[in-house]
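>>> no FASTA, just this:
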């Protein structure tokens, strides 16, 4: 059975009209991530690379992960079909999927304005604004976005007692479109699988 990764792309979800800005309805990007879980010591530090494809209108998400430059696994979530696939070249597992939430990925209205607009990078560079907000008492999100609400950096801090988990993500090659929609096709290795009764808990 696949080991489900911890949540690596987490942005608070709020309803339309109750936000500062929202990501595009359709987009793709590459994410370079680093995770630190203090309770696990040196074993709690690892990095990953992720290619993500996000389609709000059709309620589809595809993610291709490379963990520590050696372990590759993909996630395909088809919300209108209420099914998720977790697979690599050798095997595939099928899960029941919860309904697509009636929300989008947004910077919520109550987010803290951390910094004024500043220039990031050289020639041409981009304008970036930083926001932060609490999901709960233990979970804090920090997001840097461009003028068009494209994510640039995402930091996630979760603390319980004296332990904490920290996730740092750099969003690269962001495009407000899907270049190849075959990424949402169910791979052949996943065909003819019986429905799994286990609910897929991995949430974006």
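The structure has been received and is ready for your questions. Bear in mind that the values here come from a model prediction, so they are computed numbers and not experimental data. Numbering: from 1, shown residues only.
>>> where in this structure is pLDDT low?
1-17, 68-69, 101-104, 122-123, 194-204 (pLDDT under 70).
>>> Now do the strands in it.
Listed in chain order, the strands found in the chain under DSSP state E are 13-14, 19-22, 26-37, 45-55, 60-67, 71-78, 83-87, 92-96, 104-108, 112-120, 126-134, 139-146, 151-160, 163-175.
>>> Output these in JSON lines, with mean neighbour count and distance to residue 186 appended to each entry.
For every residue, glycine as well, the C-beta is placed using N, CA and C. As requested, the strands of the chain are exported to JSON lines (neighbours: other CB atoms under 10 Å; distance: least, CB to CB, whole Å):
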{"stretch": "strand 13-14", "mean neighbour count": "18", "distance to residue 186": "26"}
{"stretch": "strand 19-22", "mean neighbour count": "18", "distance to residue 186": "28"}
{"stretch": "strand 26-37", "mean neighbour count": "18", "distance to residue 186": "19"}
{"stretch": "strand 45-55", "mean neighbour count": "18", "distance to residue 186": "14"}
{"stretch": "strand 60-67", "mean neighbour count": "19", "distance to residue 186": "11"}
{"stretch": "strand 71-78", "mean neighbour count": "19", "distance to residue 186": "7"}
{"stretch": "strand 83-87", "mean neighbour count": "21", "distance to residue 186": "6"}
{"stretch": "strand 92-96", "mean neighbour count": "18", "distance to residue 186": "9"}
{"stretch": "strand 104-108", "mean neighbour count": "20", "distance to residue 186": "24"}
{"stretch": "strand 112-120", "mean neighbour count": "11", "distance to residue 186": "38"}
{"stretch": "strand 126-134", "mean neighbour count": "17", "distance to residue 186": "36"}
{"stretch": "strand 139-146", "mean neighbour count": "20", "distance to residue 186": "32"}
{"stretch": "strand 151-160", "mean neighbour count": "17", "distance to residue 186": "28"}
{"stretch": "strand 163-175", "mean neighbour count": "16", "distance to residue 186": "23"}
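>>> Distance to residue 188 added to those, as CSV?
Converted to CSV, the strands of the chain look like this (distance: least, CB to CB, whole Å):
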stretch, distance to residue 188
strand 13-14, 33
strand 19-22, 35
strand 26-37, 22
strand 45-55, 19
strand 60-67, 16
strand 71-78, 13
strand 83-87, 10
strand 92-96, 9
strand 104-108, 31
strand 112-120, 42
strand 126-134, 40
strand 139-146, 37
strand 151-160, 33
strand 163-175, 27
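>>> closest to residue 184 out of the ones you listed?
strand 60-67 (4.7 Å; CB to CB).
>>> Quick check: the closest residue to residue 56 other than its chain neighbours vs residue 59, distance?
Closest residue to residue 56 apart from its sequence neighbours, by CB to CB, 6 or more residues apart in numbering: residue 25 at 4.2 Å. From residue 25 over to residue 59 the distance is 11 Å, taken as CB to CB, to the nearest Å.
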